[in-house]
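J.: Sequence plus the predicted model coming up.
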Amino acid sequence: KAGVTQTPRYLIKTRGQQVTLSCSPISGHRSVSWYQQTPGQGLQFLFEYFSETQRNKGNFPGRFSGRQFSNSRSEMNVSTLELGDSALYLCASSPTDRGVIAGELFFGEGSRLTVL
Amino acid sequence: AQKITQTQPGMFVQEKEAVTLDCTYDTSDPSYGLFWYKQPSSGEMIFLIYQGSYDQQNATEGRYSLNFQKARKSANLVISASQLGDSAMYFCAMRLSGGYQKVTFGTGTKLQVIP
């Protein structure tokens, strides 16, 4: 069974540009969530999608957005990049639904974004 | 709001010895799940073990066990018989019952296993 796939793995952008990251969840998983990991802030929740609907969002500015497609694949977009957006962006998928707290998140290897 | 605290930024352990990684949490929600993840230098987060707030027994998964003390709000990870491949960052995390898939992570503990 294929794991969570994130593309691209590495990318370099300059300030003011925008970037789109892609995540393909494990087959059959309908929930996809995104996390930002930085040395200073650690792992922070960005948002979660389930059946193409965003049902939870972290404390990030509107420059961070995402969407989910009917095949459960998800993309996140960051517009007007800032130096502080340099981070490892992790995508996770889960087969579980609301109210079910058991069941781990399955993470991809992440997309490492560097903003110059 | 929920919070996870890991007070050990880094730890060393001798190969084949046991090690305990500390984790305390704070939530007023009676229903929650606690997780431990391992992150090698490659970046991928690997699930290790899960403990539900209503579980009566401590969770175990192979060499990993979770020492769950609900009254103290602690969920320490115990790794028995450490191996060189255990060298990595370890994160404690929590999910609330109404939080969908939102997981709150601690700051992590870097474990280094010495031959």
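T.: Sure thing, it's come through. Numbers count the residues shown, from 1 in each chain, chains lettered A, B, ... in the order given.
J.: So for residue 17, what's the nearest residue that isn't a sequence neighbour?
T.: In the absence of a named chain, chain A is used. The shortest distance from residue A:17 to any non-neighbouring residue, by Cβ to Cβ, 6 or more residues apart in numbering or on different chains, is to residue A:81 (5.2 Å). Where you see a C-beta, it was placed from the backbone N, CA and C, and this is true even at glycine.
J.: oops, chain B please
T.: Once flanking residues are discounted, residue B:17 sits nearest to residue B:82: 5.6 Å by Cβ to Cβ, 6+ apart.
J.: Next one, pLDDT for the one you found please.
T.: You'll see residue B:82 listed with a pLDDT of 97.
J.: How about the contacts made by it?
T.: By Cβ atoms under 8 Å, 6 or more residues apart in numbering or on different chains, residue B:82 lies in contact with B:13-19, B:113.
J.: Relative to residue A:86, which of the residues you listed is nearest.
T.: Lowest distance from residue A:86 to these (Cβ to Cβ) belongs to residue B:113, with 29.8 Å.
J.: Look up which residues are beta-bridged to that closest one.
T.: Beta bridges link residue B:113 to residue B:13, judged by DSSP bridges.
J.: go on, residue A:87?
T.: So, taking DSSP bridges as the rule, residue A:87 has residue A:113 as bridge partners.
J.: any low-confidence regions in chain A?
T.: Low-confidence segments of chain A (pLDDT under 70): A:1, A:96-103.
J.: the strands in it, which residues?
T.: Ranges of strands within chain A are A:5-7, A:10-13, A:19-24, A:31-38, A:42-50, A:53-57, A:64-68, A:74-78, A:87-94, A:106-107, A:111-115, based on DSSP state E.
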